[in-house]
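Participant: pasting the structure only:
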Ligand SMILES: [Zn+2]
């Protein structure tokens, strides 16, 4: 398998996030990806590559899933922040005001504080000097992985952070800025796959991906996750969200209570893969979070290291070309072993060409 790694990921290395009423050290750290690279050095399950340096094509691809005014804001946010006050250069940016129900989102405010609220949904996702560069290079990895699969590879992995699946058409949150899984799905569509499925196995609902494709029937979105009645991102991810308009029936949520057993989790995975097969998807994108791990500090499922091997084997048996994007996973020292277990299980079980 080809693995596209984000060599710029360390540029996003934020200090503090707002978590349950306190500013705490960020859970989403550069060490997460470094542990995957270290594990890949021990167990080389694929070849490492840099993404294609095709800026114009990447911009066009991003504009197909994100709003132009959102991309413009994110690209320039740090420079604006520092221009407001040179002392801001020592601070990460956190939003603190949001347009909830009844407020207007159509008028773009002049105030920076208002605009960063308009384009976000939590205060847990700091923006810093290198956020845009890191997120954009990650998007390039996702696009290159999808192009590799469109070109005949059985599997490719976008090894990147910050993650992407919480980022919607015009908002960031949940440590996510650009939606890598959605970008991979769109790229597969644009390069020959008539129908694509996104299967999100992160502990948290893939709200951004769902929202991006909610009105479309060409991209099925499936998410297995902690029940939003108690688990982040709280306000989306219920079972009755099935899509709208042309997309009605092309979204499947499988919410599970915190504490769900591994056996029940794998049953939900079967239900998700059955939906992928029923969609007659020609390619699969897996939003791969390993915060389903029993030792994860912010999640509540109980998968163990061996279960990630089984997950990879089961994904391979779907029989589809597959692009994986790296999402969550905050038991930092175990992220490498768990991610590479998925890749190893997958590669070992892929059909021979
Ligand atoms: Zn997660």
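Facilitator: Nice, I can see it. Since this is a predicted model, take the numbers as computed values, not measurements.
Participant: neighbours of residue 242, just the number please.
Facilitator: For residue 242, the tally of surrounding residues (other C-beta atoms under 10 Å) stands at 13. The C-beta positions use only the backbone N, C-alpha and C, and glycine is treated the same way.
Participant: i'd like the first residue to be 15 from this point on
Facilitator: Sure thing, new numbering starts at 15, so read that last one as residue 256.
Participant: contacting residues for it?
Facilitator: The contact partners of residue 256, by C-beta atoms under 8 Å, 6 or more residues apart in numbering, come to 262, 263, 264, 265, 266.
Participant: what about it, distance to residue 193?
Facilitator: Taken as C-beta to C-beta, to the nearest Å, the spacing of residue 256 relative to residue 193 amounts to 20 Å.
Participant: ok, now residue 321?
Facilitator: Separation of residue 321 from residue 193 (C-beta to C-beta) stands at 26 Å.
Participant: With neighbour numbers in mind, choose between the two.
Facilitator: When residue 321 is set against residue 193 and neighbours are counted by other C-beta under 10 Å, the residue ahead is residue 193, at 33 against 22.
Participant: Tell me how many other residues surround the residue of the stretch 165-314 of the chain found nearest the ion.
Facilitator: Using C-beta to the ion, residue 218 is the residue of the stretch 165-314 of the chain that sits closest to the ion, at 3.6 Å. With neighbours defined by other C-beta under 10 Å, the count for residue 218 comes to 29.
Participant: Helix, strand or coil: sort out it for me.
Facilitator: Secondary structure for residue 218, judged by DSSP: H, G, I helix; E, B strand; the rest coil, is coil.
Participant: tell me, how many neighbours does the closest residue to residue 312 other than its chain neighbours end up with?
Facilitator: Once its chain neighbours are removed from consideration, residue 312 has its nearest residue in residue 344; the separation is 5.5 Å (C-beta to C-beta, 6 or more residues apart in numbering). The local packing count at residue 344 equals 22, with neighbours defined by other C-beta under 10 Å.
Participant: Repeat that for residue 199.
Facilitator: Residue 199: 33 surrounding residues under other C-beta under 10 Å.
Participant: At the contact with the ion, which residues of the stretch 265-367 of the chain appear?
Facilitator: The interface of the stretch 265-367 of the chain toward the ion, taken as C-beta under 5 Å from the ion, is made up of 303, 305, 342.
Participant: Filter these down to the ones in helices?
Facilitator: Counting by DSSP state H, those place none of their members in helices.
Participant: Export those residues as TSV, with columns for pLDDT.
Facilitator: Written out in TSV, the entries for those read as follows (pLDDT from 0 to 100):
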residue	pLDDT
303	98
305	97
342	98
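Participant: which residues in the chain form helices?
Facilitator: Here the chain has its helices, by DSSP H, at 44-56, 69-77, 82-98, 126-132, 145-164, 194-204, 221-227, 276-292, 319-330, 346-363.
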